[in-house]
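> here's a sequence, model it:
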Amino acid sequence: MTNLFIPSLPTRRSLLLGLAAMGAMSVAGAATSASVAMQVWKDPSCGCCKDWVSTLEKSGFRVAVIEQGNTATRSRLGMPAQFGSCHTAVVQGYVIEGHVPATDILRLLKERPNALGLAVPGMPIGSPGMDGPGYGGRRDPFRVLLIQKDGSAQTFSSYS
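As a prediction, this is how the structure comes out:
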């Protein structure tokens, strides 16, 4: 008689642990830029907005650009005017205003705070999209702000 090798069947516990691990991997993967789509409203002639979108795409984001300006969109989405910049984006329910680095957007999506979104007010030189050769290597310090739903803000990250 031949000795047959019959592998042991997985236990219910090992199956559940395996499924939980796969779920954890997919949740972790959900915060990678390659899986994140966003919409950006900008002026059709704005070069720094185009450069910011390019930095996001190079980081793997899928960006749909709406070339109609952003003032009305910023207002409609509830981003206070004092945090305004030259473009406004929406990603997974969050508002992104201005030259926010991709790493901060990913952190926002990973941490999922109960907030309106992120903003880099104005157009600080050295921020993504405002950092090309035309700026001669100049880098001004800037802060990424976490904007609360009540319009208040706190520092999310700082760059110098």
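
> centre-most residue in the chain?
With distances taken as C-alpha atoms, centre = their mean, the residue of the chain nearest its centroid is residue 105 (2.6 Å).

> does that residue sit in a helix, a strand or a coil?
Assigned with DSSP: H, G, I helix; E, B strand; the rest coil, residue 105 falls in the helix class.

> start at 46, not 1
Okay, residue one is now 46; in that scheme the one you just asked about reads as residue 150.

> can you list contacts of stretch 172-184?
93-101, 143-147, 165, 168-171, 187, 204-205 (C-beta atoms under 8 Å, 6 or more residues apart in numbering). (Each C-beta comes from the backbone N, C-alpha and C, glycine too.)

> run through the residues that contact the residue nearest to the centre of the chain.
78, 81, 83, 101, 106, 136, 141, 163.

> so which of those residues sits lowest on pLDDT?
Within these, pLDDT reaches its minimum at residue 78, with 59.

> just confirm residue 120 is within a helix.
Yes: using three-state DSSP, the assignment for residue 120 is a helix.

> so what's it closest to, chain neighbours aside?
residue 126 (7.5 Å; C-beta to C-beta, 6 or more residues apart in numbering).

> ok, that neighbour touching residue 133?
No: with contact defined as C-beta atoms under 8 Å, residue 126 does not count as touching residue 133 (11.4 Å).

> so the closest residue in space to residue 203 that isn't next to it in sequence versus residue 120, what's the distance?
Closest residue to residue 203 apart from its sequence neighbours, by C-beta to C-beta, 6+ apart: residue 188 at 5.1 Å. Distance of residue 188 to residue 120, computed by C-beta to C-beta, to the nearest Å: 23 Å.

> more neighbours: the two, which one.
Applying other C-beta atoms under 10 Å to residue 188 and residue 120 shows that residue 188 carries more neighbours, namely 17 against 13.

> export the helix or strand hosting that one as CSV, just CAs?
According to DSSP states H and E, residue 188 maps onto strand 187-192. C-alpha atoms of strand 187-192 as CSV (Å, rounded to 0.1, in the frame of the first residue of the first chain):
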residue,chain,number,x,y,z
PHE,A,187,5.9,77.1,5.2
ARG,A,188,3.3,75.2,7.2
VAL,A,189,0.7,72.7,6.2
LEU,A,190,-2.4,73.4,8.2
LEU,A,191,-5.1,71.0,9.2
ILE,A,192,-8.4,72.8,8.8
